[in-house]
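Student: Sequence first, then the predicted structure:
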Amino acid sequence: MRVVVLTGAGISAESGLPTFRDAEGLWHGHRVEEVATPEAFERQPSLVHRFYDERRAALAAVEPNAAHRALARLEETLGDDLLVVTQNIDDLHERSGSRRVLHMHGRLRSALCRACAGHFDWTGDLGGAPPCPRCGRRELRPDVVWFGEIPYDMDRILGAVGRADLFVSVGTSGAVHPAAGFVQYAAGQGARTLELNLVPSEGSHLFDESRQGPASHLVPEWVAELR
């Protein structure tokens, strides 16, 4: 059985990481246009760097939860037949032991050089304009896909979704494209579809089955069923 699991902010919320937007539509107290667009970086690079430097530093204070660990156990069973596609920019999947993970929106603990297009593992701050490890230019930015940019690894993701026997969405809003369209693509190729979410998402009606509850409960239960 080939399985693709899409994860969103809801799976990491139980580890203490805030979800994408609050009730007022703000992202950690900022409008999206202030910190998550290429134009924002051109306009106020210091603000954008400070925002992501704080988010990167906060990762040290959180740990993977039962949902992350359950997916790592599932990988032990399915091996290459499981792919986790995450919208999250944290590293909690990897820290729980998962290895087959694609970060379609980039990673907090990575830097991208605008001069040479290199990607580099990065755990410190970028706000001080450190030099690129490859070319030496001081053109590093957060290796995060901003609004208006193309998500990473789309060819690999769509190929896996199209071949999947089972597509599962965990902790997503069902509102952010292109990920919100994966369920319809998977179903159109014959996959069974399952949603595991705290509350029904905007796309719940598109799934064969939708279960509501905390990811730390639902995911281990589903993994136990599948194994």
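Tutor: In hand now; what should we look at?
Student: any idea where the strands of the chain begin and end?
Tutor: 3-7, 82-86, 101-103, 106-113, 119-121, 140-144, 166-170, 192-197, 209-212 (DSSP state E).
Student: which secondary structure elements does the longest one contact?
Tutor: Translated: strand 106-113. For strand 106-113, the packing partners by 3 or more C-beta pairs under 8 Å, 6 or more residues apart in numbering; DSSP states H and E come out as helix 45-58, strand 119-121, strand 140-144. In short, each C-beta sits where N, CA and C put it, glycine included.
Student: Quick check: which ranges of this structure have low pLDDT?
Tutor: 19-28 (pLDDT under 70).
Student: Next, format the strands of the chain as a markdown table and append distance to residue 51 and mean neighbour count.
Tutor: Output for these, formatted as a markdown table (distance: least, C-beta to C-beta, whole Å; neighbours: other C-beta atoms under 10 Å):
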| stretch | distance to residue 51 | mean neighbour count |
| --- | --- | --- |
| strand 3-7 | 22 | 26 |
| strand 82-86 | 20 | 25 |
| strand 101-103 | 18 | 21 |
| strand 106-113 | 11 | 21 |
| strand 119-121 | 19 | 13 |
| strand 140-144 | 9 | 22 |
| strand 166-170 | 26 | 25 |
| strand 192-197 | 27 | 22 |
| strand 209-212 | 32 | 14 |
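Student: Those: which one's closest to residue 38?
Tutor: strand 140-144 (9.0 Å; C-beta to C-beta).
Student: how about that closest one as CSV, C-alpha atoms only?
Tutor: What follows is strand 140-144, C-alpha atoms only, in CSV (Å, rounded to 0.1, in the frame of the first residue of the first chain):
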residue,chain,number,x,y,z
LEU,A,140,21.1,34.9,2.7
ARG,A,141,17.4,34.8,3.3
PRO,A,142,15.1,32.3,5.1
ASP,A,143,14.6,29.2,3.0
VAL,A,144,10.9,29.5,3.3
